[in-house]
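**Student:** Build the 3D model from these lines:
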Amino acid sequence: MPAVSKGDGMRGLAVFISDIRNWLGNTWLGGCRRSANHRSGPAKALGELMTWWTLYSRLMCKSKEAEIKRINKELANIRSKFKGDKALDGYSKKKYVCKLLFIFLLGHDIDFGHMEAVNLLSSNRYTEKQIGYLFISVLVNSNSELIRLINNAIKNDLASRNPTFMGLALHCIANVGSREMAEAFAGEIPKILVAGDTMDSAKQSAALCLLRLYRTSPHLVPTGDWASRVVHLLNDQHLGVVTAATSLITTLAQKNPEEFKTSVSLAVSRLSRIVTSASTDLQDYTYYFVPAPWLSVKLLRLLQCYPPPDPAVRGRLTECLETILNKAQEPPKSKKVQHSNAKNAVLFEAISLIIHHDSEPNLLVRACNQLGQFLQHRETNLRYLALESMCALASSEFSHEAVKTHIETVIAALKTERDVSVRQRAVDLLYAMCDRSNAQQIVAEMLSYLETADYSIREEIVLKVAILAEKYAVDYTWYVDTILNLIRVAGDYVSEEVWYRVIQIVINRDDVQGYAAKTVFESLQAPACHENLVKVGGYILGEFGNLIAGDPRSSPLVQFNLLHSKFHLCSVPTRALLLSTYIKFVNLFPEVKPTIQDVLRSDSQLRNADAELQQRAVEYLRLSTVASTDILATVLEEMPPFPERESSILAKLKKKKGPGTVMGLEEGKRERGPDINGGPEPAPASATSTPSPSADLLGLGAVPPAPAGPPPSSGGLLVDVFSDSPSAVAPLAPGSEDNFARFVCKNNGVLFENQLLQIGLKSEFRQNLGRMFIFYGNKTSTQFLNFTPTLICSDDLQANLSLQTKPVDPTVDGGAQVQQVVNIECVSDFTEAPVLNIQFRYGGTFQNVSVKLPITLNKFFQPTEMASQDFFQRWKQLSSPQQEVQNIFKAKHPMDTEITKAKIIGFGSALLEEVDPNPANFVGAGIIHTRTTQIGCLLRLEPNLQAQMYRLTLRTSKETVSQRLCALLSEQF
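**Tutor:** Next up, the predicted model:
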């Protein structure tokens with residue numbers, strides 16, 4: 001070990017490291033020792049510390065006991081030095097603290113020395129201060145009692161205006177990044193950042209330090225007066241300052257876009273000076289012939305936080321993007337991989353900006369053509385990125401046709417690509433570029449690939465094939481063939497949603513029922529077929545087997561024997577479905593009734609260990625024995641058509657892929673109405689009806705319906721380009737009235753949902769006061785900017801209903817949810833409801849949604865229990881014509897007693913049992929609370945099951961209240 005003077009380095013540390021090194025084996029470490037000996041001073045000590053730590057972790061110590069013994073000896077020595085009476089000088093403290101740091105990096109616990117490290121911070125020597133900050137950054141916990149002392153030392157260094165000391169302090173703040181650090185320095189660091197006399201290196205460190213604090217504790221970093229000044233750092237001549245400031249502004253703009261919108265023009269100007277060949281700005285810094293690639297990427301990313309700029313700035317930005325695309329076509333200036341990486345990084349970020357703006361057809365097509373050249377590139381990463389970007393381009397109406405020209409290349413990639421992630425992106429791109437013109441080709445290729453596809457992506461491919469086959473089916477016989485082939489090829493990955501959906505479509509379309517029965521019958525004749533095919537066959541033949549029974553080759557007995565031959569091979573749920581098919585056969589084909597009864601009464605059915613199978617066998621046998629032909633025909637009638645709603649397969653794919661994926665972009669940004677099959681647009685959930693349980697013997701009606709939202713409107717995805725004014729209030733979204741009616745008798749649930757936004761409510765009311773929590777959920781992966789919800793009330797409503805709202809964050813991140821609280825007070829009775837208007841920008845387009853907020857008079861109902869005598873005594877007192885309102889109306893829903901009780905209770909009144917002489921009637925009582933008065937209310941609901949009618953009578957002390965409550969409650973039945 002060469003001698004080290006006290007002035008150059010730390011001899012004690014070097015000797016200690018040498019001892020530890022000897023336990024590792026001198027033979028392995030000779031070369032590294034020689035390289036370390038070329039250093040001097042603190043650099044040598046720190047260099048050896050990190051070098052030997054790395055080697056230790058790689059080689060593993062050959063004598064762990066010897067190492068522990070040596071370390072314990074050294075720890076005892078250091079502890080004695082720290083506790084000794086003789087004061088240590090700065091050099092000794094630095095040496096011992098550095099030893100402790102080295103021991104900690106070896107994996108041993110350190111429980112002392114922290115105070116000595118803090119003392120080093122007050123030193124005026126750089127090397128001592130550096131070791132102190134290094135120790136604190138690595139070992140000091142954010143909850144340590146020393147944080148206050150550390151903060152004082154950091155404040156002194158920040159105030160020293162010494163750029164070296166300021167840099168050490170800022171690095172320590174960023175490394176620790178605790179809440180205490182943010183509280184202490186969040187107000188100081190912006191001042192350093194925007195001060196005119198701050199050195200460039202300190203500005204760069206301050207920007208990155210502020211970014212770190214904002215990411216860990218955003219609520220503690222105020223964006224005040226310095227916000228406008230930090231934007232002008234984009235014009236700074238120092239590359240490091242501009243790069244760090246751009247990262248900071250990008251993060252801040254995502255949360256507060258309005259405060260930093262002036263950065264758009266400055267970013268475009270700076271980007272133009274970098275990428276335009278005629279300019280020399282920053283040309284002195286190039287990375288393998290690419291000028292300032294990191295800054296270019298960050299500027300392009302910053303611009304993606306905002307919609308397309310004003311025409312004047314947009315022209316300059318378009319020129320920049322065209323220049324980047326042009327340079328991508330030029331021959332490479334270097335064969336080094338660093339050159340191509342830097343060049344392509346700028347290119348892909350520029351393409352991302354083009355896709356984000358989605359407003360320049362020429363640029364979108366050029367970007368698509370550029371990406372097409374990467375589809376056959378030898379670099380796997382470039383092929384992956386090209387496929388991923390083209391998925392987004394396929395959703396644009398301007399570039400969709402250009403993407404379709406590369407279909408053969410994508411199909412070839414699907415077949416030949418080695419990397420499974422690239423193949424998955426190829427599947428995504430085929431799905432995104434699919435339309436009516438190429439649907440059959442793409443579905444056929446996906447089915448072909450499915451036979452050899454990786455297991456990890458088979459389920460997703462199955463869902464996409466099923467969706468495309470349904471969406472673009474011109475001939476539904478092709479759809480049936482495709483789904484049956486899908487079950488044959490990948491039956492284990494065909495979820496219940498897929499075969500449920502094919503059954504729903506077959507039942508809803510008379511023209512395909514006979515073909516479906518014939519095809520599924522032929523498919524079941526294979527020696528081995530998947531259980532999902534048995535399920536589909538059992539259901540379809542049970543419903544439409546009579547359509548092919550005229551052919552001797554598919555007579556009723558042949559159909560039954562074919563299905564029953566699969567019975568013993570199936571699981572319990574499938575056997576249960578087949579038993580339901582058998583009882584359907586009893587109704588369709590009386591000639592096979594004895595054969596089916598023999599099966600049902602066999603011991604394997606009547607004494608089956610499974611309770612469900614045993615119960616079905618017993619009940620179906622009894623039904624076939626005692627029921628007349630007319631009763632059988634009624635009970636086992638053909639399933640009614642299913643209500644049209646969003647495909648459950650599509651809902652599952654959305655859930656599997658998450659919001660904001662290719663599928664979501666395709667649905668959101670490209671409307672191709674004539675290509676979509678399957679009936680009308682999805683109806684609101686409240687408009688759907690469920691087949692009666694007696695008719696749905698095979699259990700499909702038990703499947704919960706997929707969530708459905710209203711069709712796109714000006715408040716959804718079809719934006720009214722002629723009404724982009726934030727002051728314009730959109731008309732009520734389709735389905736808003738139905739959703740409003742559903743909330744009359746409940747307080748929680750989803751009020752509105754489309755492809756972009758979900759609005760949920762949670763409310764509580766007591767007497768004349770209420771509180772409503774409104775949850776706004778971003779279903780996409782793209783931020784909502786300028787998000788502004790507003791409550792709109794008429795003059796009359798404002799006088800009778802007091803609403804106080806708390807503001808929400810104007811930016812809603814992708815996949816995130818924000819909450820708004822509304823405090824409510826009922827001043828007097830009212831009839832109208834407030835309107836909730838939401839305005840925001842998504843992907844550069846203005847969105848405007850309006851829904852009725854379900855704040856109704858009955859929400860201020862307090863139930864009142866009354867005896868029978870008291871009820872009728874009060875009933876007689878409210879007998880004047882002005883106090884009573886009566887309504888006789890037809891039942892809109894099944895007249896179920898328990899549901900009726902639940903609705904009356906949910907309406908707010910108390911349900912009084914055994915009060916009315918007629919036990920079939922329902923009576924209730926309660927008090928409407930307002931700020932000025934209390935209004936008693938009695939109600940009586942008389943159902944007529946035979947006529948399917950209701951008579952509702954309300955009596956209150958105020959006519960307008962009676963009328964409003966009667967109107968609200970009548971809509972519930």
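
**Student:** which residues of the protein score low on pLDDT?
**Tutor:** In the predicted model, the chain carries pLDDT under 70 at residues 1-63, 85, 142, 277-284, 644-729.

**Student:** Distance check, the nearest residue to residue 430 once chain neighbours are set aside against residue 371.
**Tutor:** Closest residue to residue 430 apart from its sequence neighbours, by CB to CB, 6 or more residues apart in numbering: residue 442 at 5.0 Å. Placement of C-beta: from N, CA and C, glycine included. From residue 442 over to residue 371 the distance is 19 Å, taken as CB to CB, to the nearest Å.

**Student:** Could you pull up the contacting residues of residue 625?
**Tutor:** Going by CB atoms under 8 Å, 6 or more residues apart in numbering, residue 625 touches residue 597.

**Student:** measure stretch 625-638 end to end?
**Tutor:** 20 Å (CA to CA, to the nearest Å).

**Student:** whoops, I mixed them up, stretch 859-874
**Tutor:** Across stretch 859-874, first to last residue, CA to CA, it's 23 Å.

**Student:** Can you tell me which residue sits nearest the middle of the protein?
**Tutor:** Centroid-nearest residue in the chain: residue 815, 3.5 Å away (criterion: CA atoms, centre = their mean).

**Student:** tell me which element it falls in.
**Tutor:** For residue 815, there is no host helix or strand (DSSP states H and E).

**Student:** That one contacts residue 781, doesn't it?
**Tutor:** Yes. Counting by CB atoms under 8 Å, residue 815 touches residue 781, with 6.3 Å between them.

**Student:** Any figure for the gap between the residue nearest to residue 430 and residue 620?
**Tutor:** Distance of residue 442 to residue 620, given as CB to CB: 44 Å.

**Student:** Can you name the residues that contact residue 182?
**Tutor:** Shown in contact with residue 182 (CB under 8 Å, 6+ apart): 213, 216, 217, 220, 221.

**Student:** Can you tell me which of the residues you listed is nearest residue 610?
**Tutor:** residue 216 (56.2 Å; CB to CB).

**Student:** and the residue nearest to the closest one when sequence neighbours are not counted, how many neighbours?
**Tutor:** Counting by CB to CB, 6+ apart, residue 216 lies nearest to residue 177, which is 4.8 Å off, once chain neighbours are set aside. As a burial measure, residue 177 scores 17 neighbours (other CB atoms under 10 Å).

**Student:** The one 4 residues further on too?
**Tutor:** Each residue near residue 181 was counted by other CB under 10 Å, and the total is 25.

**Student:** wait, doesn't it sit right on residue 151?
**Tutor:** Yes. Under the criterion of CB under 8 Å, residue 181 lies in contact with residue 151, with a separation of 7.4 Å.

**Student:** quick one: secondary structure of the nearest residue to residue 824 once chain neighbours are set aside?
**Tutor:** Counting by CB to CB, 6+ apart, the nearest residue to residue 824 once its immediate chain neighbours are dropped is residue 770, at 3.9 Å. Recorded secondary structure, residue 770: strand (DSSP: H, G, I helix; E, B strand; the rest coil).

**Student:** Wait, residue 770 touches residue 857, no?
**Tutor:** No. Contact criterion CB under 8 Å: residue 770 and residue 857 do not qualify, at 11.6 Å.

**Student:** Now do the buried residues in stretch 503-518.
**Tutor:** Across stretch 503-518, burial judged by 16 or more other CB atoms under 10 Å covers 503-509, 512-513, 515-518.

**Student:** closest to residue 499 among the contacts of residue 182?
**Tutor:** Looking across these and measuring by CB to CB, the closest to residue 499 is residue 216, at 49.1 Å.

**Student:** Spit out the contact partners of that closest one.
**Tutor:** Residues in contact with residue 216 (CB under 8 Å, 6+ apart) are 177, 178, 179, 182.

**Student:** Which members of these are the farthest-apart pair?
**Tutor:** Spatially, the most separated pair among the contacts of residue 216 is 177 and 179, at 8.9 Å (CB to CB).

**Student:** So this structure: which segments form each domain?
**Tutor:** 1-31, 360-433, 454-509, 510-639, 736-855, 858-971 (the TED database).

**Student:** Save these as CSV, and put in distance to residue 351 too.
**Tutor:** Output for the domains of the chain, formatted as CSV (distance: least, CB to CB, whole Å):
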stretch, distance to residue 351
domain 1-31, 46
domain 360-433, 5
domain 454-509, 24
domain 510-639, 41
domain 736-855, 15
domain 858-971, 51
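
**Student:** among those, which is nearest residue 83?
**Tutor:** Taking these one by one with CB to CB, domain 1-31 is closest: 17.3 Å.

**Student:** hey, where'd the strands end up in the stretch 251-400 of the chain?
**Tutor:** 286-287, 290-291 (DSSP state E, counting those that start in this stretch).

**Student:** From residue 199, how far off is residue 210?
**Tutor:** Separation of residue 210 from residue 199 (CB to CB): 16 Å.

**Student:** which of those two has more neighbours?
**Tutor:** Using other CB under 10 Å, the more surrounded residue of residue 210 and residue 199 is residue 210, with 28 against 18.

**Student:** Tell me the backbone dihedrals of the more buried one, please.
**Tutor:** phi -60, psi -40 (degrees, to the nearest 10).

**Student:** right, and it touches residue 221 too?
**Tutor:** Yes. Using CB under 8 Å, residue 210 makes contact with residue 221 at a distance of 6.8 Å.

**Student:** which residues do those two both contact?
**Tutor:** The contact sets of residue 210 and residue 221 overlap at residue 186 (CB under 8 Å, 6+ apart).

**Student:** do you know which of the domains of the chain lies nearest residue 128?
**Tutor:** domain 1-31 (10.9 Å).

**Student:** how much space between residue 569 and residue 532?
**Tutor:** The gap separating residue 569 from residue 532 is 13 Å, by CB to CB.

**Student:** Which one of these two is surrounded by more residues?
**Tutor:** residue 532 (24 against 12).

**Student:** Tell me which helix or strand comes right after the helix or strand hosting the more buried one.
**Tutor:** Assessed by DSSP H and E, residue 532 sits inside helix 531-544. As assigned by DSSP H and E, the chain's next helix or strand after helix 531-544 is helix 556-564.

**Student:** Which residues outside that next one are in contact with it?
**Tutor:** With contacts defined as CB under 8 Å, 6+ apart, helix 556-564 is touched by 521, 524-525, 534, 537-538, 541, 545, 548-549, 578, 581-582, 585, 588-589, 591-592, 595-596, 599.

**Student:** Try it again at 10 Å.
**Tutor:** Applying CB atoms under 10 Å, 6 or more residues apart in numbering, the contact partners of helix 556-564 are 517, 521, 524-525, 534, 537-538, 541-542, 545-546, 548-549, 551-552, 554-555, 570, 578, 581-582, 585, 588-593, 595-596, 599.

**Student:** now the angle from it to helix 531-544?
**Tutor:** If you take axes from the mean of the first three to the mean of the last three CA atoms, to 10 degrees, helix 556-564 sits at 150 degrees to helix 531-544.

**Student:** Could you pull out the buried residues of helix 556-564?
**Tutor:** When neighbours are counted by 16+ other CB under 10 Å, the buried residues of helix 556-564 are found to be 556, 558, 559, 560, 563.

**Student:** Please export the C-alpha coordinates of the next helix or strand after that helix as PDB.
**Tutor:** As assigned by DSSP H and E, the chain's next helix or strand after helix 556-564 is helix 572-588. The C-alpha coordinates for helix 572-588 follow below in PDB (Å, rounded to 0.1, in the frame of the first residue of the first chain):
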ATOM      1  CA  VAL A 572     -71.400 -29.800 -13.500                       C
ATOM      2  CA  PRO A 573     -72.500 -26.400 -14.900                       C
ATOM      3  CA  THR A 574     -72.500 -27.800 -18.400                       C
ATOM      4  CA  ARG A 575     -74.500 -30.800 -17.300                       C
ATOM      5  CA  ALA A 576     -77.000 -28.500 -15.700                       C
ATOM      6  CA  LEU A 577     -77.400 -26.600 -19.000                       C
ATOM      7  CA  LEU A 578     -77.800 -29.900 -20.900                       C
ATOM      8  CA  LEU A 579     -80.600 -31.000 -18.500                       C
ATOM      9  CA  SER A 580     -82.400 -27.700 -19.300                       C
ATOM     10  CA  THR A 581     -81.900 -28.500 -23.000                       C
ATOM     11  CA  TYR A 582     -83.500 -31.900 -22.500                       C
ATOM     12  CA  ILE A 583     -86.600 -30.400 -20.900                       C
ATOM     13  CA  LYS A 584     -86.800 -28.000 -23.900                       C
ATOM     14  CA  PHE A 585     -86.700 -31.000 -26.100                       C
ATOM     15  CA  VAL A 586     -89.700 -32.400 -24.300                       C
ATOM     16  CA  ASN A 587     -91.700 -29.400 -25.400                       C
ATOM     17  CA  LEU A 588     -90.200 -29.200 -29.000                       C
END
